[in-house]
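Asks: What shape does this take:
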Amino acid sequence: MHGPPATRNGEAPWEELVTAALLGTARRPPATAAGREAPLALLDAAAVATVRRRAGLRPGPAARRPEPAPEDPRPALPAAAARRLASLLADRSGAAGGGRRSGSPDLMELLPQWLAAACAHGYAPPAQALPALLDAARGRTDLRPAALAFAGPRALWLARLNPDWRFALRAAPGGGVAPPDAADGAAVLRLWQEGLFAERVALLGALRAGTPAVARELLEGTWSTERAEDRLMFLDSLRAGLSAEDEPFLERALGDRSRNVRATAAELLSSLPGSALAGRMAGRAAACVAVDRTAASPTLVVEAPHECDPGMERDGVAATPPTGRGERSWWLAQLVEAAPLGVWPGRLGGRAPEQIVALPVADGWQGELHAAWCRAAVRQRDAEWSRVLLGSPSAPEAGGPGAVSLAERARLLTALDAGERAEWVAGFIATHGLSEAFQLLGVCAVPWAAPLGRAVVDALDIARDAGSYPWSFSGVMGLAERCLDPAEATRLDGLLAIPDEREDASPGAGGYWAEAFQRLVTTLRLRAAMAGELAPDGAPGPSGV
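Replies: Model prediction:
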């Protein structure tokens, strides 16, 4: 059985008091408990020991003062815009729950646009706004790129002093440290050989932007000694400034030990239409597709590969298909996707892409073949093939022959210029309404071009007249608040009144629609005011706000 703890100068050591508290005073009564209740005696002894410990502390050496914050050479934000930034950062209201949106604008949803516009104007934020800006970026990863670009070098200085903001250092290339100038060969080589991984990635990115050959030579020099996961990240940096000069290095990377590295090298090579890999893939893919001229009308016939040989695997073809996918269709899809689209007119009787896509495909291979052509058009940024595969936006099945899904159509649209993209989506909405348009609207440039904005507003008006509640269109309404040109606000004035309620309409739907349109108009006018605050001299600015 344990007795009371020993004491020094009549006082129990701190560690023994802690032990007594953990075990309980019934099992380990304090030495000072004679004639007193043990728990009270323990608390008194702990209080005295705490004072003694604090009084006995010696002052530590003075910490090194932090370096002054760097200067931000950008012009200061105009006063009205600075006040607006403070209100945007202070707002945490968000949308109302339960499907119905609140009647006032969601300022936090406008913050990404505001930040992008402020960056485009080249303004620096007020110093007092930086903590709130970093807090907002900490809570929303989608804000981080624009928020950190706007916050500038002082945000990184603050992030080094506050662990809650360390994400800013991880997000900044090289941890916020500027890489050396490309002309300083010794400094570049030293950083590449001795720097941290993030610093080396930042160095490669900076060099690829200006002197891509130098970046590639650095990578070649240490390639065999790098870890597989690092090789993958370094290889991905070659996307910037990718050219035929990178082909010899990428060809060697096809023999890498890592499957992911080999796949990335193959993808990069297939993006170079003149590469040897693209030629090999073209030969393999062309051997699988031909025109059957014995049929009543020209028809495409497909003979998918019967095996995935070592050469195909070296060129990036994955041998094992996903669960539920046949091997031969899986191999065919990869070959067609990686083959340059320019091979098909010569292989298929000199036909243009529009004629090729219109040909029937035998034995149920059409979906597989056209889907692979869609992915090839997206990868190769081929506007002509993308346009053909999209088809007419007014087609009865809401897309062209190769449009296997809304997601595929959205990706094809990215290969078109902004004006043509907006025009196609406007035609789609005019024919099919808004029920399937949300994903397509997400790839359109902001603010929406006038034809697209009119199509969205007209479709919302039609939905209102149908007598249903507006809540099923809340996603499109939210996009419209952020993406409609603010000049469209005047066109919406006629939609603010509560319409006469039809007998077959949902109860109160007209009032809810009027409220939703009022919020839309209010938000558009707020965006117009924000744009004016960022350009107080009337100079034209970016069109995002």
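Asks: Work out for me the element the closest residue to Phe438 other than its chain neighbours sits within.
Replies: Excluding the flanking residues, the one nearest Phe438 by C-beta to C-beta, 6 or more residues apart in numbering is Gly475, at 5.3 Å. C-betas here are computed from N, CA, C, even on glycine. Gly475 belongs to helix 474-483 when elements are defined using DSSP states H and E.
Asks: now that helix, how far from the chain's geometric center?
Replies: 19 Å (C-alpha atoms, centre = their mean, to the nearest Å).
Asks: And for stretch 528-537?
Replies: So, by C-alpha atoms, centre = their mean, the centroid of stretch 528-537 is 28 Å from its chain's centroid.
Asks: same check, this time on stretch 310-329
Replies: 29 Å.
Asks: And for stretch 192-204?
Replies: That offset, for stretch 192-204, works out to 23 Å (C-alpha atoms, centre = their mean).
Asks: Report the mean confidence score over it.
Replies: The pLDDT scores in stretch 192-204 average 87.
Asks: same thing with stretch 282-297?
Replies: So the average pLDDT for stretch 282-297 ends up being 92.
Asks: Next: stretch 317-327.
Replies: Averaging pLDDT along stretch 317-327 yields 94.
Asks: buried residues in that stretch?
Replies: Residues 317-318, 321 are the ones in stretch 317-327 that count as buried (16 or more other C-beta atoms under 10 Å).
Asks: now what about that stretch, what contacts it?
Replies: 263, 308, 312-313, 329-331, 334-335, 338 (C-beta atoms under 8 Å, 6 or more residues apart in numbering).
Asks: can you check stretch 244-254 too?
Replies: Applying C-beta under 8 Å, 6+ apart, the set of residues contacting stretch 244-254 is 212-213, 216, 219-220, 223, 235, 238, 261-262, 264-266, 268-269, 272, 274-277, 314-316.
Asks: hmm, try it at 6 Å
Replies: By C-beta atoms under 6 Å, 6 or more residues apart in numbering, the residues outside stretch 244-254 that reach it are 216, 220, 238, 262, 265, 268-269, 275, 314.
Asks: mind giving me CSV with the residues you listed and columns for pLDDT, secondary structure and distance to Leu111?
Replies: Formatted as CSV, the contacts of stretch 244-254 follow (pLDDT from 0 to 100; DSSP: H, G, I helix; E, B strand; the rest coil; distance: C-beta to C-beta, whole Å):
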residue, pLDDT, secondary structure, distance to Leu111
Arg216, 94, helix, 39
Glu220, 94, helix, 43
Leu238, 92, helix, 34
Arg262, 93, helix, 42
Ala265, 95, helix, 39
Leu268, 94, helix, 36
Leu269, 94, helix, 41
Ser275, 95, coil, 43
Arg314, 92, helix, 48
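Asks: hmm, back to that, what lies in contact with the helix holding Gly475?
Replies: 101, 434, 438, 441, 446, 448, 456, 516, 520, 523.
Asks: Drop anything exposed from these.
Replies: 101, 434, 441, 446, 448, 456, 516, 520, 523.
Asks: Chain neighbours aside, what residue packs nearest to the fifth one?
Replies: Spelled out, that is Trp448. Using C-beta to C-beta, 6+ apart, the closest residue to Trp448 is Cys483 (5.1 Å).
Asks: show me where the stretch 201-350 of the chain has strands.
Replies: 289-292, 299-302 (DSSP state E, counting those that start in this stretch).
Asks: Kindly reformat these as CSV containing mean neighbour count and distance to Ala371.
Replies: Converted to CSV, the strands of the stretch 201-350 of the chain look like this (neighbours: other C-beta atoms under 10 Å; distance: least, C-beta to C-beta, whole Å):
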stretch, mean neighbour count, distance to Ala371
strand 289-292, 17, 14
strand 299-302, 18, 13
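Asks: okay if I get the ones you listed as CSV plus distance to Arg58?
Replies: Below are the strands of the stretch 201-350 of the chain laid out as CSV (distance: least, C-beta to C-beta, whole Å):
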stretch, distance to Arg58
strand 289-292, 83
strand 299-302, 83
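Asks: returning to what we had before: type out the PyMOL command that picks the buried ones from the contacts of stretch 317-327.
Replies: Of the contacts of stretch 317-327, the buried ones can be selected in PyMOL as follows, counting by 16+ other C-beta under 10 Å:
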select buried, resi 263+308+312+329+330+331+334+335+338
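Asks: Pick out whichever of the contacts of stretch 317-327 sits closest to Phe167.
Replies: Phe167 lies nearest to Ala263 out of these, by C-beta to C-beta, at 29.5 Å.
Asks: my read: the closest one touches Gly316, true?
Replies: Yes. Using C-beta atoms under 6 Å, Ala263 makes contact with Gly316 at a distance of 5.2 Å.
Asks: can you give me the helices for the stretch 301-450 of the chain?
Replies: 310-314, 327-338, 343-347, 353-358, 366-379, 383-390, 406-413, 418-432, 438-441, 450-465 (DSSP state H, counting those that start in this stretch).
Asks: Next, the angle helix 418-432 makes with the longest one.
Replies: I take that to be helix 450-465. Relative orientation of helix 450-465 versus helix 418-432 (axes from the mean of the first three to the mean of the last three C-alpha atoms, to 10 degrees): 20 degrees.
Asks: what comes up buried for helix 450-465?
Replies: Buried residues in helix 450-465 (16+ other C-beta under 10 Å): 451-457, 459-460, 463-464.
Asks: ok, residues contacting stretch 485-492?
Replies: With C-beta under 6 Å, 6+ apart, stretch 485-492 has contacts from 447, 453, 517, 521, 524-525, 527-528.
Asks: Likewise for stretch 289-297?
Replies: 298-299, 301-302, 348-349.
Asks: What is the least confident helix or strand in the protein?
Replies: helix 167-171 (a mean of 81; mean pLDDT, DSSP states H and E).
Asks: now that one: how far from the chain's centre is it?
Replies: Centre to centre, stretch against its chain (C-alpha atoms, centre = their mean), the figure for helix 167-171 is 16 Å.
Asks: what's the answer for stretch 60-76, then?
Replies: So, by C-alpha atoms, centre = their mean, the centroid of stretch 60-76 is 32 Å from its chain's centroid.
Asks: And for that stretch, what's in contact with it?
Replies: 122, 124, 152-154, 157.
Asks: Go again with 10 Å.
Replies: By C-beta atoms under 10 Å, 6 or more residues apart in numbering, the surrounding residues in contact with stretch 60-76 are 82, 118-119, 121-127, 130, 150-158, 160-161.
Asks: That stretch: which residues count as buried?
Replies: For stretch 60-76, by 16+ other C-beta under 10 Å, it's 72, 74.
Asks: export stretch 318-326 as PDB, just CAs?
Replies: The C-alpha coordinates for stretch 318-326 follow below in PDB (Å, rounded to 0.1, in the frame of the first residue of the first chain):
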ATOM      1  CA  ALA A 318      -3.500  -0.100 -70.200                       C
ATOM      2  CA  ALA A 319      -3.900  -3.900 -70.600                       C
ATOM      3  CA  THR A 320      -6.500  -4.500 -67.900                       C
ATOM      4  CA  PRO A 321      -9.900  -3.000 -68.400                       C
ATOM      5  CA  PRO A 322     -12.100  -1.600 -65.700                       C
ATOM      6  CA  THR A 323     -14.700  -3.900 -64.100                       C
ATOM      7  CA  GLY A 324     -17.500  -4.600 -66.500                       C
ATOM      8  CA  ARG A 325     -15.600  -3.500 -69.600                       C
ATOM      9  CA  GLY A 326     -14.600  -5.900 -72.400                       C
END
